[in-house]
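> How does the following fold in three dimensions:
(one chain, ligands or ions: 1)
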Amino acid sequence: MSAVTRRGVLKQSAAAATAMSLPAAALGQAPASSHDRLWYRQPAQQWIEALPIGNGRIGAMVFGGADHERLQLNEDTLWAGGPYDPVNPDALAALPEVRRLIFAGQFAEAQALANAKLMAKPLAQMAYQTLGDLFVDLPNLSPDNLRDYERALDLDAAVATTRFAASGVRHERRVLASPVHQVIAVRLTVSRPGALDCDVSLRSPQLADLAVEGDSLILRGENPGQGGIAPALKFVARVRVLPEGGSIARRAGAVGVRGANAVTILIAMATSYRRFDDVTGDPVAVTRAQIEAASAAGYERIAAEAAAEHQRLYRAVSIDLGRTPAAERPTDERIRTSESSDDPALAALYFNYGRYLLISSSRPGSQPANLQGIWNDRVNPPWGSKYTININTEMNYWPAEPTALAECTAPLIAMVRDLAVTGARTAGEMYGAGGWVAHHNVDLWRATAPIDGASWGLWPTGGAWLCTHLWDRWDYGRDRAYLAAIYPLLRGASQFFVEVLQRDPKSGFMVTSPSLSPENEHHAGVSVCAGPAMDMQILRDLFDQTARAAAILGKDNAFATRLKALRAQLAPDRIGGHGQLQEWQEDWDAGAPEQNHRHVSHLYALYPSHQINLDDTPALAAAARRSLEIRGDRATGWATAWRINLWARLREGDHALGVLKFLLGPERTYPNMFDAHPPFQIDGNFGGTAAIAEMLMQSRDNQILLLPALPSAWPTGSVSGLRARGACRVDLAWHDRRLQSATLTAAVPGTWIVRLGDRRTTVHLRPGQSVQLGSASFT
Ligand code: FUC
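Numbers count the residues shown, from 1 in each chain. Below is the predicted model:
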């Protein structure tokens, strides 16, 4: 029927493909839902075909090679360098001249001076690192007689499986990352007792020593330095091999098992990182304790507890967008034909995968999801696999609140807490200002000064944008103690801008300077400017949210009053000569060198913000639409995902779906469903997930819009567990493009205006109370 060669190339005839169309059933398993499962008929050849598992902190990419399994391993605090302070001591003295040149219209000169004097030292931040690979070789497996090969990722169980038969023996492999036991667990089983032989080994590109001790492999290493910043981290990967039956012996650099019935492999990983300024952790002791506790628990308990913990979050939302025969095919084939096939279940799978990926890459106590979540196989990954906070990190968290994963924002909130410390030093030393600031990029060491070059890095609004996520956590959850705890972070971010905003001599408005509209040039080679639209929009949100928080908490009235006054003096959004929303203070848009630029920064006001919307600011919404048309729909992965959210806010469901199908197609989605910038960047997965939610339900203040951008190709479906602002759960079902029922359940008391097309109804709910609405409920 089929054969997998030693390194896993599947050879298959057309007849075999038909015979294998129900491989799970052939192996006696019930086929899992096409909404919750990625599956393939061949092992991964490349990393972007391998399947990700993670517990927020540690993760692996599972290749599924039958006789040669590879798990590429990550630990989320293994980065280059060590604690460092990137402040440039020359910046403060040069700042007034940079500002003067900008207001004089000498932008190229301002940018040159900024490059000479205002940038961080070193100019680049530290890169996230791969830890290495675990290999499981099955030396006695004959690669020529493999049958019924299938590998899959079950999003509901959070387990990667590989199944095949060889020489009359069925093999099954399960891999998971436990958030409870803090280990990766691999379970190998065979249908014939004693038929399992395997060699387990570890390899790392890092500076590390491997010891084989009894049933364990212990890799002790240190991280690399970078750009003059010395390495400061120790790391340990500890692997324990637990056979059932058979024998275990040391082999060259490996632990070998022969004649076993089953084998459990436990992997623990840790570094000495404790905080951006503290690297005194003990990864030897930590991993030893983790392996001992996990060994005592055993695989079945580890798996059961890991699944329960995952499902607590994952099962909060379920979605059904309809199902066509296309959904029967392997995931890579569905991606290949995304644009030409009618496969609404592929969008549902993408949505579920996005939620799976956020749960797997961002949990309380872990680092926030970086540009690649936690999955990176390189020592020099694209853009350092860091945190780019001029869009990418924010996009990672767009689905968190509306898709009921608020808990996953904990690492982002913790990072902002750190940035308020490191960013206070950058604010003081480089701007002579109070409060705190972060520019367009941060890393594990919470470096906050402008990096890379002025035309990318000289953007002071990254921290302010992150603060809007802290506000959203309040707005969706309404936990007053939380709001009180994060208020100082909002206040500090606002304080910085109270001190650094400049009065534009031409317009009289208050503007940021120096700044830029991420990462777009207004004239060839020049980005630096004053008061780009996005800055003004973000600051309107920041000042508004800080003042509202102060009012809710009944404190800081004078500061709130000051913010409101300053907010009114910020340069307003403007409509330019081509009917577009101006990206800059001047109407430069039509002459800017890159008309199709991937960033749509000035459309922040339409999404994620609500400042511009169809109801309250129709003229600005029309201008935003014009800008969107000029920019075009096809961009890099994340930029395409942003556009879908924007079309959803414009309530154009069919248009949004057209762009979504492109995002889900092979140019922007790899076979393992990772987003392709290209290269792999996880933000597009999260932006796409948020967009699907946005097509089905939107909430703004106390308004809830039901099915605001439902495409005609999703005529019948349902979604349950979405969240609206004001701590309200929303369950929806629709049939033939008509709302069947909407159930709203409040966690705190509230009044909502619920809208369906042009009709509306008002609901008042007590805590815990639900209301069910049908199409006839709206007038
Ligand atoms: C920003 C984007 C790039 C890329 C990088 C990580 O600089 O402009 O497209 O996503 O972040």
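> Show me where the protein dips below the pLDDT cut-off.
Across the chain, the ranges flagged by pLDDT under 70 are 1-32.
> how about the residues of it near the ligand?
Contact residues (CB under 6 Å from any ligand atom) of the chain with the ligand: 371, 383, 388, 392, 519, 598-599, 636, 638, 677, 681. Any C-beta I mention is one placed from the backbone N, CA and C, and that applies to glycine too.
> do that again at 8 Å, thanks
Proximity of the chain to the ligand, by CB under 8 Å from any ligand atom, involves residues 371, 382-383, 386, 388, 390-392, 440, 456, 518-519, 598-599, 636, 638-639, 677, 681, 683.
> now, which of those residues lie within strands?
Among these, the members found in strands (DSSP state E) are residue 388.
> from the residues of the chain next to the ligand, which would you call buried?
For these, a burial check counting by 16 or more other CB atoms under 10 Å picks out 371, 382-383, 386, 388, 390-392, 440, 456, 518-519, 598-599, 636, 638-639, 677, 681, 683.
> So which of the residues you listed sit within helices?
392, 456, 638-639, 683 (DSSP state H).
> Next up, the contacts around residue 660.
Residues counted as contacts of residue 660 (CB atoms under 8 Å, 6 or more residues apart in numbering) are 347, 644, 688, 691-692.
> The stretch 601-750 of the chain: helices as residue ranges?
618-631, 637-649, 653-663, 683-696 (DSSP state H, counting those that start in this stretch).
> hang on, I meant the stretch 51-200 of the chain
Using DSSP H, counting those that start in this stretch, helices in the stretch 51-200 of the chain cover 91-103, 107-117.
> Among the contacts of residue 660, which one has the most neighbours?
In terms of neighbours by other CB atoms under 10 Å, the contacts of residue 660 top out with residue 691 at 33 neighbours.
> Not counting its neighbours along the chain, what's nearest that one?
Sequence neighbours aside, residue 644 is the residue nearest to residue 691 in space, at 3.8 Å (criterion: CB to CB, 6 or more residues apart in numbering).
> Okay, the one you found and residue 711: tell me how far apart.
Distance, residue 644 to residue 711, using CB to CB, to the nearest Å: 11 Å.
> Can you check which residues contact both of those two?
Common neighbours of residue 644 and residue 711 (CB under 8 Å, 6+ apart) are 656, 695.
> Residue 762 should be in a strand, yeah?
Yes. Under DSSP: H, G, I helix; E, B strand; the rest coil, residue 762 falls within a strand.
> Run through the bridge partners of the nearest residue to it once chain neighbours are set aside.
Nearest non-adjacent residue to residue 762, counting by CB to CB, 6+ apart: residue 753, 5.5 Å away. Beta bridges link residue 753 to residue 703, residue 762, judged by DSSP bridges.
> residues in contact with residue 753?
So residue 753 contacts 702-704, 760-762 (CB under 8 Å, 6+ apart).
> Filter those down to just the buried residues.
Counted by 16+ other CB under 10 Å, these give 702-704, 760 as buried.
> farthest-separated two in these?
Maximum pairwise distance in these, criterion CB to CB, is 11.8 Å, between 702 and 760.
> Relative to residue 343, how far out is the closest residue to residue 507 other than its chain neighbours?
What sits nearest to residue 507 in space, not counting adjacent residues and going by CB to CB, 6+ apart, is residue 571, at 6.3 Å. Noted for residue 571: a distance of 45 Å to residue 343, by CB to CB.
> Same drill for the two, tell me which one is more crowded.
Counted by other CB under 10 Å, residue 571 and residue 343 do not tie: residue 343 has more neighbours, with 25 against 22.
> Quick one: neighbours of the residue lying closest to that one once chain neighbours are set aside, just the number.
Leaving aside its sequence neighbours, residue 343 sits nearest to residue 326 (CB to CB, 6+ apart; 3.7 Å). Residues near residue 326, counting by other CB under 10 Å, number 18.
> Do I have it right that residue 326 meets residue 338?
No. If you go by CB atoms under 8 Å, residue 326 and residue 338 don't touch, sitting 9.4 Å apart.
> any shared contact partners between the two?
Taking CB under 8 Å, 6+ apart as the criterion, residue 326 and residue 338 both touch residue 346.
> tell me the contacts of the nearest residue to residue 173 once chain neighbours are set aside?
Distances taken as CB to CB, 6+ apart place residue 162 nearest to residue 173, at 4.3 Å, with adjacent residues excluded. Residue 162 sits next to 43, 62, 64, 66, 69, 149-151, 171-173 when contact means CB under 8 Å, 6+ apart.
> In contact with the residue nearest to residue 507, which residues are there?
504, 507, 509-511, 531, 536, 585 are the contacts of residue 571 under CB under 8 Å, 6+ apart.
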